[in-house]
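Novice: pasting a predicted model and its sequence here:
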Amino acid sequence: MWIEKTGIENFRNFEYQTVDFSNGVNIIYGDNAQGKTNLMEVLWLLTGFHSFRSRKSSELISFGKERALIKSHFHDSYGENVTEIKIEQNSKKIIFNGEEFNSRSYYIGKFQAVLFSPVTMNLINGSPQERRRFIDVAMSALYPKYSCNIVRYNSILKQRNSVLKNYEIAPKDNDILLDYYDEVLAETGALLTVMKRDYISKIKSHAYEAYASISDKKDEFKLHYCSQILSGDEDEETVKKTFVEKLYKSRESDIEKNSTNTGPHRDDIVFYINSKSAKIFASQGQRRSAALAVKFAEAVISEEETKEIPVIMLDDVMSELDQQRQHDLFKNLKNCQTFITCCDKDQVRRFTEGKYFEIKNGEIFY
Ligand SMILES: Nc1ncnc2c1ncn2[C@@H]1O[C@H](COP(=O)(O)OP(=O)(O)O)[C@@H](O)[C@H]1O
Ligand SMILES: [Mg+2]
């Protein structure tokens, strides 16, 4: 999969730009605050997900302008595709090969990319919520069923929480409502949990291998999916049953707290290096290797599942990595179209050749 060209209008600090990319390595360099990450954001939006740094459409539009427009041509194994994204103050419209998509979730999956950024390095250090988001984004891009059910789950959860908040107004009626919400929440939650377990088990096998190659097999890297409603490899029906029971048992305390405290929205992943929690005991370098290994695994699974090689985006990560890790990174990225941003182009030149783009104050020179 590769992006051939992109036209940008009134997006962040780009007024009007057209750019032709190489299907190999694209090196985007320039001083700070010139627009390098803005260009990565343009490319990432092709996935159909929100920007990796703003959820509000209005922030993406150039100051003082009404709307932004991005038009990209990309290739997959079936041929050329054109995606147009029209960004208005409160909405985004996606037109794919001439067809307008009313719901983002129908478009997600058409374009596959894996992004490494300084935020990725927080996969280990960050909050459980950040780790859940990582899994949700990676899985939604691959499995439409997961993407639809996560929307459904969150909507049921919101409704259940609203009944919990207003419980005292009509306890008897609300108990009947809660019985219903427990059932439907457990059904969707069990599906998500089983899908996550299977995805994380794939991450494990690829990430362990990648970590071994990055760390010269000196360390042992492990990760564990922590779920309140799963104990092993039980089937979806059993997970659902466990979930319903736990929801019922915790109803009283949920009413007290006004929120649902059991379910996949409370999942986490724990990383271990040499059998010790990576978050607490690992060095900065070990954590970076672990985060990279998980990202490599994401790229490999994306290729296995879609039969398309994902586009790799590396925003500002070169300076985070030592020479050996930079070397390993490029070793692992051979056949992908890659976008790399950096301040100093010579930093990348040592490892790979590519097409160079200089960004100065929202203008791209190449
Ligand atoms: N909505 C916007 N309209 C115009 N300029 C913006 C907008 N959002 C961010 N910018 C500008 O973009 C620049 C930052 O670009 P960025 O891509 O993050 O820089 P870097 O090259 O360091 O990655 C800043 O100068 C910022 O003021
Ligand atoms: Mg940047």
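Specialist: Now that the structure is in, tell me what you want to look at. Numbering: from 1, shown residues only. Ligands and ions are numbered 1, 2, ... in the order given.

Novice: now residue 305: how far from ligand 2?
Specialist: According to C-beta to the ion, to the nearest Å, residue 305 stands 30 Å off from ligand 2. For the C-beta atoms, the positions are set from N, CA and C on the backbone; glycine is no exception.

Novice: next: residue 302.
Specialist: Counting by C-beta to the ion, the gap between residue 302 and ligand 2 amounts to 24 Å.

Novice: in the helix or strand harbouring that residue, what's buried?
Specialist: Using DSSP states H and E, residue 302 maps to helix 284-306. Neighbour-count burial for helix 284-306 flags 286-303, 305-306 (criterion: 16 or more other C-beta atoms under 10 Å).

Novice: and if you look at stretch 138-157?
Specialist: By 16+ other C-beta under 10 Å, the buried positions in stretch 138-157 come out as 138-143, 146-150, 153, 156-157.

Novice: ok, now stretch 97-105?
Specialist: By neighbour count with 16+ other C-beta under 10 Å, stretch 97-105 contains the buried residues 101, 104.

Novice: ends of it, how far apart?
Specialist: Counting by C-alpha to C-alpha, to the nearest Å, you get 16 Å between the two ends of stretch 97-105.

Novice: for residue 110, what are its contacts?
Specialist: Listed by C-beta atoms under 8 Å, 6 or more residues apart in numbering, the contact set of residue 110 reads 48, 81, 83, 96.

Novice: now swap in residue 152 and tell me
Specialist: residue 188.

Novice: tell me which element it is part of?
Specialist: Per DSSP H and E, residue 152 falls inside helix 144-165.

Novice: continuing past that helix, what's the next helix or strand?
Specialist: Downstream of helix 144-165, the first helix or strand assigned by DSSP H and E is helix 171-214.

Novice: strands paired with the helix or strand following that next one, and their directions?
Specialist: Using DSSP H and E, the helix or strand that follows helix 171-214 in sequence is strand 221-226. When pairing is defined by DSSP bridges, strand 221-226 lines up against strand 268-273 (antiparallel).

Novice: average pLDDT across the very next helix or strand once past the strand it pairs with?
Specialist: Next along the chain after strand 268-273, taking DSSP H and E as the criterion, comes strand 276-277. Per-residue pLDDT over strand 276-277 has a mean of 95.

Novice: likewise for stretch 315-332?
Specialist: 79.

Novice: and what of stretch 77-93?
Specialist: 95.

Novice: that one close to ligand 1?
Specialist: No. Between stretch 77-93 and ligand 1, judged by C-beta under 6 Å from any ligand atom, nothing touches; the nearest distance is 10.4 Å.

Novice: can you list the residues of the protein near ligand 1?
Specialist: With the criterion set to C-beta under 6 Å from any ligand atom, the chain comes near ligand 1 through 12-13, 30, 32-38, 59, 61-63.

Novice: can you do 8 Å?
Specialist: Contact residues (C-beta under 8 Å from any ligand atom) of the chain with ligand 1: 11-13, 30-41, 59-63, 65, 315-316, 341, 359, 361-362.

Novice: and the contacts of stretch 225-242?
Specialist: For stretch 225-242, the surrounding residues in contact (C-beta under 8 Å, 6+ apart) are 186-187, 189-191, 193-194, 196-197, 200, 243, 246, 262-264, 266-270.

Novice: low-confidence ranges, the stretch 151-300 of the chain, go.
Specialist: Applying pLDDT under 70 to the stretch 151-300 of the chain flags residues 216-217.

Novice: backbone dihedrals for residue 243, please?
Specialist: phi -60, psi -50 (degrees, to the nearest 10).

Novice: number of nearby residues for the closest residue to it other than its chain neighbours?
Specialist: Counting by C-beta to C-beta, 6 or more residues apart in numbering, residue 243 lies nearest to residue 186, which is 3.9 Å off, once chain neighbours are set aside. By other C-beta atoms under 10 Å, 25 other residues sit near residue 186.

Novice: same check, this time on residue 246
Specialist: Other residues within reach of residue 246, judged by other C-beta under 10 Å, total 17.

Novice: would it count as being in a strand?
Specialist: No. Residue 246 is assigned helix when assessed by DSSP: H, G, I helix; E, B strand; the rest coil, not a strand.

Novice: contacting residues around it?
Specialist: With C-beta under 8 Å, 6+ apart, residue 246 has these contacts: 228-229, 262.

Novice: and the spatially most central residue of the chain, what's its pLDDT?
Specialist: In the chain, the C-alpha nearest the mean C-alpha coordinate belongs to residue 137, at 3.6 Å (C-alpha atoms, centre = their mean). On pLDDT, residue 137 comes in at 93.

Novice: now the one 5 residues further on
Specialist: Residue-level confidence at residue 142 comes out at 95, pLDDT.

Novice: from ligand 2, how far out is it?
Specialist: 27 Å.

Novice: follow-up on the earlier one: list the contacts of the residue nearest to residue 243.
Specialist: Contact partners of residue 186, counting by C-beta under 8 Å, 6+ apart, are 240-241, 243-244, 247.
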